[in-house]
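> the sequence isn't on hand, but the structure is:
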């Protein structure tokens, strides 16, 4: 898909989200760049992340939707499927095709049918159901498995900090 077509597709997705907001997140352009979006994800109800406000940046390649965007939390977050850098590690954000390590089916990886909405719903699902078996953050996964009370306490502190930073 040519550069202009990917920009038009992203513009349509932005208009759709503006007209029909989805509960749990908001998204908009970062500095008028159609390939850079600021995202605010609200921690999902009935999870450790409930009530938190997590800022993230979604960066789209000019080859979107043939290739996936990258999503990186700017807010501090402690989660087995988020690298220390804040980059989210979920199957649908992995490049399309077969997984050379054999962990994922091609159907679980990026497909051009995904939209900003489906990506962010997947991230909210990831917050609700961490996968410590395939961790990006090994320390968080280990703490979640071996010392759940400490993991829970750390996440609760991060949620509190995220709420306070919204009022700064």
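Now that the structure is in, tell me what you want to look at. Since this is a predicted model, take the numbers as computed values, not measurements.
> do a quick rundown of the helices in this protein.
3-19, 116-128, 138-146, 148-166 (DSSP state H).
> next one: the longest one to chain centre, how far?
The chain centroid and the centroid of helix 148-166 are separated by 18 Å under C-alpha atoms, centre = their mean, to the nearest Å.
> for the chain, longest strand please?
As assigned by DSSP state E, the longest strand anywhere in the chain is strand 33-42.
> just the buried residues of that one, please?
For strand 33-42, burial by neighbour count (16 or more other C-beta atoms under 10 Å) applies to 34-35, 37, 39-42. Quick note: C-beta positions are derived from backbone N, CA and C, even for glycine.
> which one of these is nearest residue 89?
Here the nearest of the buried residues of strand 33-42 to residue 89, counting by C-beta to C-beta, is residue 41; it sits at 15.5 Å.
> now do the contacts for the closest one.
Neighbour list for residue 41: 24-25, 53-54, 56, 120, 123-124, 127 [criterion: C-beta atoms under 8 Å, 6 or more residues apart in numbering].
> 10 Å instead?
Applying C-beta atoms under 10 Å, 6 or more residues apart in numbering to residue 41 gives the contacts 24-27, 49, 52-56, 71, 73, 75, 77, 120, 123-124, 127, 162.
> where does pLDDT dip in the chain?
Applying pLDDT under 70 to the chain flags residues 1-3, 102, 168.
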